[in-house]
Structure formats: structure tokens, C-alpha cells
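Participant: Take this sequence and fold it.
(chains A and B)
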Protein chains: 2
Amino acid sequence: MAIDKSPRRPKAEPPKGFRDYFGAEVTERKAMLDKIAEVYTRYGFDPLETSAVETVEALGKFLPDVDRPNAGVFGWQDEDADWLALRYDLTAPLARVAAQYRNDLPSPYRRYAMGPVWRNEKPGPGRFRQFYQCDADTVGSASVAADAEICAMLADALEAVGIDRGDYVIKVNNRKVLNGVIEAVVAANLSSPDGPPAHYEDMGEWEASILRTIDKFDKVGEKGVRALLGKGRLDESGAFIEGIGLSEAQIEPVISFLTSKGDDIATTLENLRNAVGSSEIGFSGVNELEQIASLLAAQGYGPDRIVIDPSVVRGLGYYTGPVFEAELTFEILDEKGRKRQFGSVAGGGRYDDLVKRFTGQSVPATGVSIGVDRLLAALKAKGRSTADTAGPVVITVMDRDRMADYMGMASDLRTAGIRAEVYLGNPKNFGNQLKYADKRQSPIAVIQGGNEAATQTVILKDLILGAKIAQSATLEEWKDRPAQVEIPRADFVDQVRKMLAQ
Amino acid sequence: MAIDKSPRRPKAEPPKGFRDYFGAEVTERKAMLDKIAEVYTRYGFDPLETSAVETVEALGKFLPDVDRPNAGVFGWQDEDADWLALRYDLTAPLARVAAQYRNDLPSPYRRYAMGPVWRNEKPGPGRFRQFYQCDADTVGSASVAADAEICAMLADALEAVGIDRGDYVIKVNNRKVLNGVIEAVVAANLSSPDGPPAHYEDMGEWEASILRTIDKFDKVGEKGVRALLGKGRLDESGAFIEGIGLSEAQIEPVISFLTSKGDDIATTLENLRNAVGSSEIGFSGVNELEQIASLLAAQGYGPDRIVIDPSVVRGLGYYTGPVFEAELTFEILDEKGRKRQFGSVAGGGRYDDLVKRFTGQSVPATGVSIGVDRLLAALKAKGRSTADTAGPVVITVMDRDRMADYMGMASDLRTAGIRAEVYLGNPKNFGNQLKYADKRQSPIAVIQGGNEAATQTVILKDLILGAKIAQSATLEEWKDRPAQVEIPRADFVDQVRKMLAQ
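Facilitator: I've put the predicted structure just below:
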């Protein structure tokens, strides 16, 4: 029965699209989130931690259908027949909490949330099905002061984690201005001899097609947008993309909107007012941008940090008022070695009706979400990961019977606040112990054999120096600094401290 | 069509057995875990964060059966037919990681992990289906020094979070000693005239029944255990519980084991040696306990903190070597107002074959898990929750047009490191603003109306003092401390700082 002896073993791997985080990967993210939380707290935001699991009903958006109940989310049917799912973002749980505790929470309610979310999507390189989000939202304030506050807080948070002023810019736009532009487009058509076209009956779809075109501004530029709004254009592959069919007069407000950024805020605002024509909502949107800029300027957040930028179109379809995007402006090399701007690390905006699904009542909200992995990557690119990830001092074991002595040394170091550990593998092969210390990125190995024990001394081996010497062609530059010293056991903690400070 | 106007709304609540954590609940847990992580780090342990989702195959233990694939865990079938599940503890993912990365990880591998786990169990009062665990394990060391280190680290962690020395004790026992006791039970029978009973053919079940009886020692005491090991006993309800049927001679080693705790470690060890008779494994278990005690004593962890205690039987069935349990010894009042010891807050021990399921190779491991919610409750009971949960200074809004001024005040306070926020609700009703400040547990409300603005002053309202005055029958004791002061805007930050320091 040889077959019985080797039963099929489970595969030692996480599910596809999931990964593990080791050591510094954990502490660096934590250090960054701690600094952000400090800023959020100083702004009066309180932490909220909801559970990973929600009812599909409360999550909304992804309702289970019969064929693929799990599309987009990880969901399952509970034993009592409720459909449950892992949260796919931190906003849906906030909506549920804001509705559930609406009588108990302060209003406005400022909250921040940090934690993993899950997406049941095809994983790809660098795209995981569990990842961190870090959100701050103000629920229950219709004031643009709340939007301005989020922008200022985002700037502070970026600087707190180590992004220098000048290396980032927070761009602000407003969905209402875009609505004004759409109204101007409609007005331009109504005033034309042809009157409104038939597709105005489906305003929603027509508007959405304009939005989608505006979203392509980054890619295809002014000329491309003009063509797509009008008669269409040939794309790079030579295929003809049908246009929306707007007239020249209708296209004008959209282009003025997209290109309205001037040399200073006053010029930009002036251009925007021209773009929205006589639209009331458009005007109120421009006024909101003006207020946000002036509230921020009064606190010292000038255009070196926060700018009105109508070319920010990402998210305009989702949000209902001001939208924000934080971009890092320094250059990095992409995978092909070409220079490019680092780009966006955070985005947000104002969204109405946060809790309306639950209560029927409209509650305004505004907030921001920081892309945790993107920002971490930026800090790494800038050499600004500040978490202390030093390896421990490793006490080697020369004599199995004197384990108590070795553990006493580790204990003495720890009491002095120094990270330390005794080698706990099989001590027979000393080479293995040094290999272990190397793998642990240990700065110092401590050695005490029988001779040293007899003379009450220990040997400190400087592993960082040792590694440098190994790399270097000449020992010359290290000759004044011995890679190994023998010192009295009584001076041991002080000596280790000195060596670590070098 | 009135019905269409009120569609069924989703319920604003989390799934049964799940809950939300607000403000201080989040920060207090975080502060506690941060302190524990600091101790673990000092001992050379590295953080590991695995994903919440594992394949059911890798999790093991809970294999899906046809009728109830989710029993015990939250599981679902992925689109590519793999069964996935939320982790139910932090040890199963560690086993998977230790197997997957066995060639890359240092060996021994010391790791800690903190995070939520999920259990698909019936929720009850205070029993949730998502809760935190906080584990530290050493994988790949067979040395009892690793067990001793875990005990010392646990003591340090408890003290670091605010449990005073004297308020806790870490009890150590050893599964091997129990195995020795079982061998002594068998030996006692073999030497009896009757010879071994038939049920020895099913050693596993027979042993398990002895283990289960030993587990009842806390409840039924020595007399009860004697009866249950022998002929049986009447329980409180009058029902007769069948005994295992051991002879007096067989029962003796079990009772000596359970009652072997002496006045000092030497006596306890002596009693244990007697209990295991001539069992080799029993002897080696007692020797291990002796080594652990002496390693710990050499580092100053004496019996005031860590004791050998054979009455610790919880977990003996699961572990394979030393087991540990941290008990808090101070008294609290239970829900009926009776005094009782706070009890256990952490437990662990040595378990072999951590990764054997995956690799076929035996790897020894030892570790501890801290009950996060229990320890938090203990800190609360002791008044030792140290997270800073102060509410923000609230800047009220008297004049909507001077929002920039109010935001400037908040900004000045934040720059000075003081938590502050501007009231961002509708400012019309000033009473609502003070109610808001109250709900935010704000220490100070800042007021600047038109008069104050004209004279460049602000009013600081001491809300903590105000609350005290409201509670107190007489104003006498507060007469020297005004609840409200008007001060120059220029001195504002200094004055707030002084008031907060009071």
C-alpha cells in the first residue's frame, strides 16, 4: 500500500491574487499610516473600524444576481440565508454606519478609516485582491469649508509622511462647473436654428457620453476631444471612432472648460465663468472653487500646494461637487527606464446622498482616499521610508550548557532598549549561526566561548562593517575600525550601544 | 403609484455577530497592540501580515463537507472552483507561510502577527464573529530556551501595556509530564493482577477520556476527578456520570500530577517526578520544566512572575510540550457584583509538526496568543487605558462670512500640535454648536462674534469646567477659575495650551 504513505499534500500558497507582507513591509506601511492618522486626529477626525463583512444588501452597488452572485465582491450565503460579502471599499460601510447611528453620532461627523478591502477581480501584476485603503470623510456638512479642510489636511498628511512641499500638488475641480458646461452646450444648441436634437430625450446617456469624452482629454488632447465631440476621429490603429455630433458652438464651452487653467487663480476662475455661460449651477460651482481657494489661501495653503485645475476630470462622473486629486510631481523612471511624473496618490470629492439608500434622507458628505500602496511606493522612490527596520543583535551559542548566560545577555540588551535575540537553532555548526545573523540583517554578533567565559569577556563582531569589508577591494579605509573586539562582559551593553551608534 | 415611491430600503446594520468600533475603542486597542509589538520587536520577532483569505485546503482542519461546507469558517467557492475561506486564527496562515517560504525565512523564524480572525459560529453576548488575535511564535527551534523566551516576553508585554508586577502570573505546565502520567497509569494497571483492559486497544480514545476528565479539575476538584476516573459520580442535577473505571492505583498518578504544586519549584518538580513514576517521557517533561524555570530565574523572572503549575490543564490536549497561561490575579466584580479573579488573558505552548501537512517534514514551534479583547477589558478594569482620546477644541461659527478667520484659528492650534476643528454644520443655531462640542467631548469652545472680531479678541469657554459646575451643587469651589475668558486673538494659542494643561 505504498500509495497510502504519500497522501496528496495541500499546496502551501495563498489564493491567487493574495499575498503576504513580511517585516519591513508591515512596519513601513504602519509607520506611514500612523503619521497620517496623527494628522487626521489633529483635524478632529475620529477613527472608525467596521468589520470586514457586511450584508450584500447594506453594501449595495453589487447586488447578487442569480448567475454570478459574487461579481466584483467576495460574497457567500450565510446559513440563515442572508448574503454576506467582504467590503470592497471603506465608503459603503461608512454609509451604513452613518445611517445606523445617525441619532448618536455628532453631526457633522468627521471620521477616518484605514484597513484592507477586497475585490473579486482578475489579479494581475501588482494588482491584488486584498489591499489597503486610507479614507477621511466629513458626513453632514454642506459647507465648502469642509472640502477646503480635506484639501489642507491631505497636504499636511503628505508632508507628514515625507513628501516635501514642491513635490506634490493638490488639484481641485468641481462637478458643478462641468454641469454648467453641459448646460452651456445645451443652450448653444437651443439657440441654433436646428433646435434640440432627438437624443435630448435620453439626457442621462447623452451627458454620460460627453463625460466619457472629457475623461479622454489626458490621452487625446484638445484636438482629439474636439473631434470626438464633433464628427469623430481616426484612432492610432486607423479605426474610425464615431463622434457625438455636437456643433462647433456646442463644443466651444467644453474646450474652454478643459483649457481654462490660467497663470493665476483669478484668470482660471474668469475663464471658467466664460465657459459656463449663463448657467446658474455652473456659476455656483465656480464660486465654490473661488471660496475654497480663498479659505485655503487664508490658512497659507497657496497655489504652490493647492491649485484650481479644471483639467482634473477623473472622478467627475462619480462626485457631485468639488473633486480633489493629489499628484506627486517629481520624476521617476518607469519600467522602460523613461522618466515620468510619479502621478496621483490620492483622490476624493463631495458626494451627496450618502445615506439616502438607507433612510430616504439626503446627507451631504465629502472625503478623500489615499492610495496606500502608491504612496508607499513614492516614499520608497524618494528614499523616505522611515520605519526602523534594523535587525537584532544576535547572541551566538558556543556552549549549549550556558544558555542562561546567553539569554541573560539578550535580556540586558533589551532592558537597554536594544533589539536582541539568542540563536535558538541547533548550535553545533557555528557557520550556520553567522549565516543566520546575516539573514536577520543583524548589525552585531556576540560571541562568548569557554575562554571568554573564563575571563569574563565577550567578542563583538561588527557585521555591517564585515559586509562592507567583504565588498570593498581594499581594507585600507577600515583599518582604524576593527571588525571584531573583545571586551569585558561588564561593559558589554555600553559597547554594543556605541557600535550601533556608529 | 404610491407604492413605487417607498421602495424597500436596505437595513442599516452589520451582519449578525459583527460590530463597529468607534473612536477610543479603536485607539485604545491600537495603543495596546503598539506596546506589545514594541516588546515583541525588542525580542527579535518580525511582523508578518498574511491576507484574510486562504484556500480551505491550506487552512486545513475545517475541510468543506458536502452538506455544510462553511461549518466553523466563512467559506465560499471561487469562480475557478477553489474553496476559499476567511482565516479562523493566525496559526494556520503561519503554517502555510512557514512551509511556502521555508527556504527563504531565517531558521528559527520568530514572527508576530496581529489582526482580525473570523469564526462562523453562533454569536452571543460579547461573542463576535470577527475579533482580534495577537500571536508570537518561534518556528524551527526545538530548544526549551524558545519556550522560556516566550514566557519572559509575555511577562514583559503584560507589564508594557500596564499590568503591574504582582497583578499577573504566568503558569507553565508540560504535556510531556501528562504523557508520563498516562504511562504511569498504564504501568499501574499492567502490574495489577487483572492485566490491561480491553479498551487499551483504542489507546487514543482512552487517553482522550482521561484528558477530558483532567480538564474538569478546575470545576469538580480532586474528589470529583477521583470519582470520574473511577466508578463515576452524581452531578449537581442528580444525574449519574459514568466513570472511566480506573483502579485506585491507576488514579493515584493522575491525582499526584494535578496536586503536585508545592511551596517552591523544587518541591513541585519533586512531586511531578513521583507522579510520572518510571516514565521516560514524563521525566524528560519534568526536566524541561526545570530548565525553563532556571533559564527564566537567571534573567530575573522568578516565581513572582512565572511559576511551574501542573494544575494548568487547558490546552494540554492540543500542545505537545510546554504550555503557558497568563492569568491576571486581581479581583473584579462579575455581572452579579461578586468578586472574582480576572483570570486568563493569554495562552500558548509548543506544538510539533506545524508544517508537516504541507511538506511532510516535522518542524517544531512554540508560541503564545494574547486575548486582545480580554486584555483590553482588564486594562479598562484597572483604569489603565492610556490612549489619548481627548476631544478637539471646537471653533464655533458666529459669522458665516468669516469662515476663513475661524479656519485660521483651527490651523494655528493644529500647528501647535493641538487637536482642533471648526464647526461645519449649519451655524444658525448657536445652541446646536455647543451641543455638538459637548458630543465631541471638546475641552474648549472658541467664540468670536462681531464685537470680539472688532477688538481682535476671542472668548474661550472651558467646557470641562462647565460640566463640573453643572454637576456640582455649589459654585464655591470653582469661583477662582472662570469658565469663560476673553483674551486677545494674538495670545489665543498660548491660552488654549494653558487651559488644556490644567
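
Participant: residues near the residue of the stretch 151-300 of chain A found nearest chain B, how many?
Facilitator: When distances are taken as C-beta to the nearest C-beta, the stretch 151-300 of chain A reaches nearest to chain B at residue A:298, 3.7 Å away. All C-beta spots, glycine's among them, are computed from the backbone N, C-alpha and C. Using other C-beta atoms under 10 Å in any protein chain shown, residue A:298 has 17 neighbouring residues.

Participant: got it, and the one 5 residues further on?
Facilitator: Residue A:303 has 16 neighbouring residues, counting by other C-beta under 10 Å.

Participant: ok, it - contacts?
Facilitator: A:264, A:265 (C-beta atoms under 8 Å, 6 or more residues apart in numbering or on different chains).

Participant: Going by secondary structure, it is in what exactly?
Facilitator: Using DSSP states H and E, no element contains residue A:303; it sits outside every helix and strand.

Participant: again with residue A:170
Facilitator: Here residue A:170, judged by DSSP H and E, is contained in strand A:168-174.

Participant: buried sites along that strand?
Facilitator: By 16 or more other C-beta atoms under 10 Å in any protein chain shown, the buried positions in strand A:168-174 come out as A:168, A:169, A:170, A:171, A:172, A:173, A:174.

Participant: could you give the angle of the helix or strand that it is followed by to strand A:168-174?
Facilitator: Proceeding N to C from strand A:168-174, the next assigned helix or strand is helix A:175-190, under DSSP H and E. Interaxial angle of helix A:175-190 relative to strand A:168-174 (axes from the mean of the first three to the mean of the last three C-alpha atoms, to 10 degrees): 40 degrees.

Participant: Let me know whether the helix or strand containing residue A:145 sits next to chain B.
Facilitator: Applying DSSP H and E as the criterion places residue A:145 in helix A:144-161. Yes: Helix A:144-161 reaches chain B (C-beta under 8 Å from any C-beta of the partner chain) through A:145, A:146, A:148, A:149, A:152, A:156.

Participant: ok now do the residue lying closest to residue A:22 once chain neighbours are set aside, which residues does it touch?
Facilitator: Leaving out its chain neighbours, the residue that sits closest to residue A:22 by C-beta to C-beta, 6 or more residues apart in numbering or on different chains is residue B:48, at 5.9 Å. For residue B:48, the contact set (C-beta under 8 Å, 6+ apart) comprises A:20, A:21, A:22, A:23, A:26, B:94, B:97, B:111, B:112, B:113.

Participant: I'd like the residues you listed laid out as CSV, including neighbour count, pLDDT and distance to residue A:302.
Facilitator: Output for these, formatted as CSV (neighbours: other C-beta atoms under 10 Å in any protein chain shown; pLDDT from 0 to 100; distance: C-beta to C-beta, whole Å):
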residue, neighbour count, pLDDT, distance to residue A:302
A:20, 17, 97, 43
A:21, 16, 97, 38
A:22, 18, 96, 42
A:23, 18, 94, 40
A:26, 21, 95, 37
B:94, 22, 96, 51
B:97, 24, 97, 49
B:111, 23, 98, 47
B:112, 26, 98, 45
B:113, 25, 98, 45
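
Participant: Adding secondary structure and distance to residue A:205, write the residues you listed out as TSV.
Facilitator: Below are those laid out as TSV (DSSP: H, G, I helix; E, B strand; the rest coil; distance: C-beta to C-beta, whole Å):
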residue	secondary structure	distance to residue A:205
A:20	coil	45
A:21	strand	43
A:22	strand	49
A:23	coil	51
A:26	helix	47
B:94	helix	52
B:97	helix	50
B:111	strand	54
B:112	strand	54
B:113	strand	50
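
Participant: before we move on, the earlier item: give me the subset of the buried residues of strand A:168-174 that also touch chain B.
Facilitator: When C-beta under 8 Å from any C-beta is applied, no member of these is adjacent to chain B.

Participant: Switch these over to JSON lines; also include pLDDT.
Facilitator: Listed next are the buried residues of strand A:168-174 as JSON lines, based on pLDDT from 0 to 100:
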{"residue": "A:168", "pLDDT": "97"}
{"residue": "A:169", "pLDDT": "96"}
{"residue": "A:170", "pLDDT": "97"}
{"residue": "A:171", "pLDDT": "95"}
{"residue": "A:172", "pLDDT": "96"}
{"residue": "A:173", "pLDDT": "94"}
{"residue": "A:174", "pLDDT": "94"}
